[in-house]
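S.K.: next input, structure requested:
(chains A, B, C and D)
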Amino acid sequence: MLDYFLTGPGQAFTRLIIYLVAFLAFVGLNAAYLVLAERKGAGWFQRRPGPNEVGPAGLLQPIVDGVKLIVKQTIVPPGTDGLLFRLAPAIMLVPAFMCLATIPYAESVYGRSINVGLLMVFSFGSISVFAIMLGGWASRNKYAVISAARIVSQNIAYEIPMLLVVITMLMVTGTMNLQEIVGQQAGGFWHWNILKGIWTLTNPLMPMTFVIFFICMLAETNRAPFDMAEAESELIAGAFTEYAGFSWGLFFMGEYANIVVSCSVGTILFLGGWQSPIGVLSGGAWGLLWFFAKMYLLIFIVIWIRWTFPRTQFYGLLNLSWKILIPVSLFTLMLTGALLRLPLLLHQLF
Amino acid sequence: MNPTLEQLSQEFTRLIGPVPTAPAAPANPPPPVQVVDFAVRGVNLDVTVAPGQVVAAAELLNRHGFSIDTITGVDWLAEGQMEVVYDYLHFAVSLRVAVRARVPRDHPEIPTISLVFPGANWHERETHDFFGIRFVGHPNLTPFLLPEDATFHPLRKDYQP
Amino acid sequence: METPVNAPPTPDSPVPPECSQIVRFAKLDDLLQLSRANSLWPLTFGLACCAIEMMAAGMARFDLSRFGAEVFRPSPRQADVMIVAGTVNKKMTPAIKTLYDQMLEPKWVIAMGNCAISGGPFVYPGQYAVVEGVDKLFPVDVYVPGCPPRPEALIEGILKLEEKLTGKRRFPVAKLKE
Amino acid sequence: MIPPKEITYAGGGVLSAPPEESFVLNLGPQHPAAHGVLRIKMTMDGEWITRAEPVIGYIHRMHEKMGENRTYAKFLPNTSRIDYLAAMHYTHAFVGAVERGARIEVPLRAEYIRVITSELQRIASHLVGWGAWIMDLGGLTPILYAFDDRERILDLMEHICGARLTYCYYRFGGLCNDVDDYFLQGARDFVPYMRGRLKMYRALVTDNIILRKRLEGIGIIDAEMCRRYGVTGPVLRGAGVPYDVRRAEPYSIYPRFEFAIPHYPAGDSMARYLVRMDEMEQSLRIIEQALDQIPAGPVMGKVPRVLKLPAGDYCYAVEAGRGRFMVRIVSDGKDTPYRVKLRTPCFANLSPFEEASKGMILPDALAMLGSLDLVIPDIDR
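M.R.: Prediction:
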């Protein structure tokens, strides 16, 4: 029986369980420490020390915050939709775990290598908007309802350019398996998808595609300057206004888990995943190192943007998507298609 | 284009017309239109009008491009009167005009000028709050700075909490 | 005016000693209090002059964030401590009571400034607007006097609240030279 | 109440009949964008505002009543608590009104120090307003930089009068104590420092495309609307009217100094923003000139032991951080005022909000609210 799960056909199942448990711990701690990183980062941008008194250099701060949130009273305010209100935080967090299970962190460190990995990441990644919408709707709070309405229109607007970018990437890579996508980018940073298109003439607009991806990612994860859903100075705490204690903590965690997922996908699609930037020092633990270095670099940029820019206008945000990002990403899509077909066409003609 | 002090005081004199002398009036009643020294009083023109004339005064100043500065009340308990003081200022010329009107204390009513200067709306509500002076024709004369259910007028001199 | 939830059992408390030994998970309780003390999230709630000093306490020079207390939450549901920074008047009373009720347990109140403590300079015989101290409305844990108190005083108030929770002081008190 | 009329929404839609599914959003009294305890009752059609009615009085502190039942000197500390961000200006107005009524001469050195501290206060006040406004717009960092600069000013103020916010530094006939070289040198050093910082703010914040998109063309209050509502201060100058009490009703020794009155014709939030930024530079100019000219001498004039104003009323207006602040003292010849009227700028500046916010989307309305730079106790008094 045990052999079945350890060495036999059930090995994949065991692997998945181990990884899910590991991810749970990883995401939890990662979210907590990303919050600390965010607060420290904010302190750095704002010329102040940031949390530094709780534990050595403030390292215990996220732990005590977590403990406090867990033991804080939680209530379901009267008149709310109790089921949806309780369910929404879980809906926020679980899809993020599912996404993380498919992501290859190194050559041999991945939860499950599936052929439609990219599709799975994006299908589960879109669920978080439902969570915020349901949470906001169930809260019976006007600010929360406004926030729910905002998040839906915002996410629909940004899902489209995001998926157009992903389709472009699919045309270039020809596979949905994340492991294979990383494998194609081996051998130095000029082989990464972000730069490869330029000198192989498959898509000279690839850096721009990456920028579009990054903007969409910020919008999808509700980060500043697109934090319409939480817009603290307008909507109190947006959809989470009525959430308290641990259920609010779950939302928070889910948000940071989504950032991790998005930055991981960005790393895999554009920045060569676990590949070494210089060609050497690759494989094994080095892969893990490179992957996390790239991912956290992206996360750092996300934090940097948050503490630098003011919030955009809401209709400005929608205009940006519908009037600029979607046409541009459609154009890159067609250009990539044309460039990919061109050699074949030339071959057939002559 | 811009009003001058003489022009204004003439127009005000015409607006007020002859002042009916009450039998118990003091021997030397102050003239209704006074040009005063700005360095001493902080206004250039001090006008006293009848309560019925405040709207006409506001329209006159509105024509000349004045802006509403503030409206306030003063409770003259000993004389049994309440005074409403309208302050006006001009953005282009250095001219300040104060328009006063006295209403009886037991029946404090005066027409509103909030249709001439919408900014007067809030000042009148505040004056009503503090002194209980009713501005006839005011669209929304409800407690403003005081709690919604307040019925007292704290700046009256005989107010006891 | 103690908040009943976190009151440490005193020798003369009505709970019989054997009972308190059974129900009280001493170590866990201490740990939880330590966590709470180190993550006091204030409610974004400024009333008057003191609110500016409260903001100043969160700014770079004084930096409340060192103690993990810079997370000003605008929603009372997520806040732990309400810093009443300024004068409370009678029109505001229902709103501030609602805010206190909307905060979830465990919650604390810091009365910052003389106005919140007693009505401050606005109290005179026959006054008609000011509530003479927020402790008439709900229990207050720490009083920070001043008009307005300096940001250091507010930080000291927060440390006092921590002391109330954990029973220990974070920093030793500097002795005044005679 | 404004009679219902056709509302044009931001974005082009037109509403002529009352919307069928409107709801009331109660913004405040505790709301992060209200800068205190302002409450705005908003009737919303989706995210569009059909009517926004400010409800005030949540921090009414009876200043005017208190003025009536205490002597002039005892009322003096109250003046720095009306608008605590511009305490110097408010004390200046009250002190000025009493000096005008009692014919007290103020020594020249005291006037110079008043001007220096007033202008420092104006910079400090604009810095807080600026930072808090950008925070409303979602930019969380500038306010910390603004407070950093402000702390430098506060240190200087604290050095001369011992308080950080509520100074009560001016007295009838002069000042409560003289300044020393530390203060003068500190003020002198502050001028080039602040010039450098303003340059940085322009590069970091003013030129930011997101900020410009959020402020340009938003919340237009034109000159005519300002006139009808009695709006003053940076809001009025942002509507293109170069009205400044320092020029229009010269007080203290302001006529001695050269300074420009920045004004921008657009009338939108960006114009008000630029006015404030330029005003800080002008204040630095005034401080520089005053520091160069400051004479030696006493800082306290001859003041009668028991201060009584002759019967009559006396007005004195100053240009406070947020606009025209006027004190009207009605005296009946006793040692307490018969009536103290405080004409505060924020009260008048908020009143056009209802008319101007019609048809705006919620975030824009809050951006505009921030552009008015309100201090709520200043409205409620």
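S.K.: all helices for chain C, in order.
M.R.: Counting by DSSP state H, chain C has helices at residues C:17-23, C:26-38, C:49-58, C:93-102, C:113-118, C:151-166.
S.K.: what does the third one rub up against?
M.R.: Helix C:49-58 has contacts (CB atoms under 8 Å, 6 or more residues apart in numbering or on different chains) with C:42, C:46, C:62, C:64-65, C:70, C:72, C:83, C:85-86, C:112-113, C:115-116, C:147-151, C:154-155, D:36, D:81, D:84-85, D:128, D:132, D:143, D:147, D:151, D:164-166, D:377. For every residue, glycine as well, the C-beta is placed using N, CA and C.
S.K.: quick one: which of these sit in strands?
M.R.: Among the contacts of helix C:49-58, the ones falling in strands (DSSP state E) are C:83, C:85, C:112.
S.K.: contacts only, for the residue nearest the centre of chain C.
M.R.: Centrality entry for chain C: nearest residue to the mean C-alpha point is residue C:110, 2.5 Å, by CA atoms, centre = their mean. Residues in contact with residue C:110 (CB under 8 Å, 6+ apart) are C:81-84, C:140-144, C:154, C:157-158, C:161.
S.K.: for chain D, what's the longest helix?
M.R.: Across chain D, the longest stretch assigned as helix under DSSP H is helix D:108-136.
S.K.: quick check, residue D:325 in a helix?
M.R.: No. Applying DSSP: H, G, I helix; E, B strand; the rest coil, one finds residue D:325 to be strand, outside a helix.
S.K.: give the contact list for it.
M.R.: Counting by CB under 8 Å, 6+ apart, residue D:325 has contacts D:83, D:86, D:89-90, D:93, D:317-319, D:342-345.
S.K.: and the furthest pair within these?
M.R.: D:319 and D:342 (15.3 Å; CB to CB).
S.K.: and these two? which has more neighbours close in?
M.R.: Using other CB atoms under 10 Å in any protein chain shown as the criterion, residue D:319 and residue D:342 rank with residue D:319 on top: 28 against 23.
S.K.: which SS class is that one?
M.R.: With three-state DSSP as the criterion, residue D:319 reads strand.
S.K.: what's the answer for residue B:75, then?
M.R.: Put simply, residue B:75 is strand when judged by three-state DSSP.
S.K.: can I get stretch D:290-305 as CSV, trimmed to CA atoms?
M.R.: C-alpha atoms of stretch D:290-305 as CSV (Å, rounded to 0.1, in the frame of the first residue of the first chain):
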residue,chain,number,x,y,z
ALA,D,290,12.2,90.3,6.4
LEU,D,291,15.3,88.6,7.8
ASP,D,292,17.5,91.1,5.9
GLN,D,293,15.6,94.1,7.2
ILE,D,294,14.8,93.1,10.7
PRO,D,295,15.7,96.0,13.1
ALA,D,296,16.7,95.7,16.8
GLY,D,297,14.5,97.1,19.5
PRO,D,298,11.8,96.1,21.9
VAL,D,299,9.1,93.6,21.0
MET,D,300,6.4,94.8,23.3
GLY,D,301,4.5,98.1,23.0
LYS,D,302,2.7,100.1,25.7
VAL,D,303,-0.4,98.2,26.7
PRO,D,304,-2.9,99.4,29.4
ARG,D,305,-3.0,97.1,32.4
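S.K.: that older thread, check the contacts of helix C:49-58 against chain B, which are close?
M.R.: With CB under 8 Å from any CB of the partner chain as the criterion, no member of the contacts of helix C:49-58 is in contact with chain B.
S.K.: before we move on, the earlier item: include neighbour count when you put the ones in strands among the contacts of helix C:49-58 into a markdown table, please.
M.R.: Output for the ones in strands among the contacts of helix C:49-58, formatted as a markdown table (neighbours: other CB atoms under 10 Å in any protein chain shown):
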| residue | neighbour count |
| --- | --- |
| C:83 | 31 |
| C:85 | 29 |
| C:112 | 30 |
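S.K.: quick check, nearest of those to chain B?
M.R.: Using CB to the nearest CB, residue C:85 comes nearest to chain B of the ones in strands among the contacts of helix C:49-58, at 20.9 Å.
S.K.: flag every buried residue along stretch D:184-203.
M.R.: D:186-187, D:190-191, D:194, D:197-198, D:201 (16 or more other CB atoms under 10 Å in any protein chain shown).
S.K.: mind exporting that stretch as CSV, just the C-alpha atoms?
M.R.: Output in CSV follows, covering the C-alpha atoms of stretch D:184-203 (Å, rounded to 0.1, in the frame of the first residue of the first chain):
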residue,chain,number,x,y,z
LEU,D,184,17.0,83.9,12.9
GLN,D,185,19.8,81.7,11.7
GLY,D,186,17.5,78.7,11.6
ALA,D,187,15.0,80.6,9.5
ARG,D,188,17.8,81.8,7.3
ASP,D,189,19.0,78.2,6.8
PHE,D,190,15.5,77.0,6.2
VAL,D,191,15.0,79.2,3.1
PRO,D,192,17.5,77.5,0.8
TYR,D,193,16.7,74.1,2.2
MET,D,194,13.0,74.5,1.4
ARG,D,195,13.8,75.9,-2.0
GLY,D,196,15.6,72.6,-2.8
ARG,D,197,12.8,70.6,-1.4
LEU,D,198,10.2,72.4,-3.5
LYS,D,199,12.2,71.7,-6.5
MET,D,200,12.2,68.0,-5.6
TYR,D,201,8.5,68.0,-5.0
ARG,D,202,7.9,69.5,-8.4
ALA,D,203,9.9,66.7,-10.0
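S.K.: that older thread, most neighbours among the contacts of residue D:325, which one is it?
M.R.: Highest neighbour count within those: residue D:345, with 32 neighbours (other CB under 10 Å).
S.K.: pull the number of nearby residues for the closest residue to residue A:188 other than its chain neighbours.
M.R.: Nearest in space to residue A:188, with sequence neighbours left out and distances taken as CB to CB, 6 or more residues apart in numbering or on different chains, is residue A:279 at 4.3 Å. Residue neighbour count, defined by other CB under 10 Å, stands at 13 for residue A:279.
S.K.: I figured residue A:279 was touching residue A:187, is that so?
M.R.: Yes. The pair residue A:279 / residue A:187 is scored as a contact, 5.4 Å apart, by CB atoms under 8 Å.
S.K.: residue D:144 reaches residue A:47, doesn't it?
M.R.: Yes. Using CB under 8 Å, residue D:144 is in contact with residue A:47, at 6.9 Å.
S.K.: stretch B:108-115 near chain D anywhere?
M.R.: No. Stretch B:108-115 stays clear of chain D (CB under 8 Å from any CB), getting no nearer than 9.8 Å.
S.K.: which parts of chain B are strands?
M.R.: For chain B, applying DSSP E gives strands covering B:33-35, B:45-49, B:66-76, B:81-90, B:96-104, B:109-111, B:134-136.
S.K.: go through these and pick out the most buried.
M.R.: Of all the strands of chain B, strand B:66-76 has the most neighbours on average by mean count of other CB atoms under 10 Å in any protein chain shown, namely a mean of 25.
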